[in-house]
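**Q** Next come a sequence and a model predicted from it.
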Amino acid sequence: MVEDRFRVLLKLGLTSYDVKVFQALLNGGLMTAKEISRYSHVPYPKIYISLKKLAEMKWIKEEKSWPSRYYLASPDEILMRFKEKVKSDLEEFESFIESSVRPVYNSRGITEKSDVWLVNGYMAVMETVIEAVKLAKEEAKIALPFEPTQSFFKGLKDSLSDKKDLKVKVLVSSKSLSYIKKEIPKAEVRARDSMFGGGVISDSRTVVLMLSMPEGDYTAIASNHPYLAMLADSYFNYLWEGAETIV
């Protein structure tokens, strides 16, 4: 039986015997295989299977002596080795998807389902815009024809704070220009007073189009449909080219 606090290790592919050996070395320190078996209650014939597995993961180390003794690697090293394994597995899986799955998937004429939905209400629209910005990995194009509220602007700044390599373009009205430029110095900002609505485009794939309603409320169209994203991207680029460049 594995203790609850160690059950997370089972999700990483370790067996219950592996976990018990890990616990034994954590609590008991430097031990021989026979001592580990006695401490962990793992049958002696099974000990070396777990020791080999943990050694291959570089979670434990072996002291060359007779008999051999084993000890746990440092927490920092275990965490580092785990991150390296996850990164390697992810890269291998991505390569598999791109080389073996996507070509077959595309050759069958299958198209990915795209969603288009409406968002109503100022706060809901602003939250949707911020979430779209968070999705951006390479470039975010933002158009703000209105003066943003403090709460919305804080959310926008927070969503950009940890994206140091993200390219950001912001179109704003002339009255908001100095404020936006000061608060988001990393962004390339241009002024344009004639905009039909506003919104955000993330990596030319995800789009949120904001429309101001006659009643003063807001609604938005949010979508990951490639053609809608392409249309919005083209319109933004058109506005951008005709906007006032700010140094």
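**A** Structure received.

**Q** Just the C-alpha atoms of the helix or strand hosting residue 78, please, in CSV.
**A** Assigned by DSSP states H and E, residue 78 falls within helix 75-96. Taking C-alpha atoms only, helix 75-96 is exported to CSV below (Å, rounded to 0.1, in the frame of the first residue of the first chain):
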residue,chain,number,x,y,z
PRO,A,75,15.5,16.9,-4.7
ASP,A,76,16.8,19.5,-7.1
GLU,A,77,18.5,16.8,-9.3
ILE,A,78,15.4,14.6,-9.2
LEU,A,79,13.2,17.5,-10.3
MET,A,80,15.7,18.5,-13.0
ARG,A,81,15.8,14.9,-14.4
PHE,A,82,12.0,14.8,-14.4
LYS,A,83,11.8,18.0,-16.3
GLU,A,84,14.3,16.8,-18.9
LYS,A,85,12.3,13.6,-19.3
VAL,A,86,9.0,15.5,-19.8
LYS,A,87,10.6,17.8,-22.3
SER,A,88,12.2,14.9,-24.3
ASP,A,89,8.9,13.0,-24.3
LEU,A,90,7.0,16.0,-25.4
GLU,A,91,9.4,16.7,-28.3
GLU,A,92,9.2,13.0,-29.3
PHE,A,93,5.4,13.1,-29.2
GLU,A,94,5.2,16.3,-31.2
SER,A,95,7.5,14.8,-33.8
PHE,A,96,5.2,11.7,-34.0
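
**Q** centre of the chain versus it, how much separation?
**A** Using Cα atoms, centre = their mean, to the nearest Å, we find the averaged C-alpha position of helix 75-96 to lie 15 Å away from the chain's own average C-alpha position.

**Q** List the buried residues of that helix.
**A** Of all the residues in helix 75-96, those buried under the rule 16 or more other Cβ atoms under 10 Å are residue 78. For glycine as for every other residue, the C-beta is placed from the backbone atoms N, C-alpha and C.
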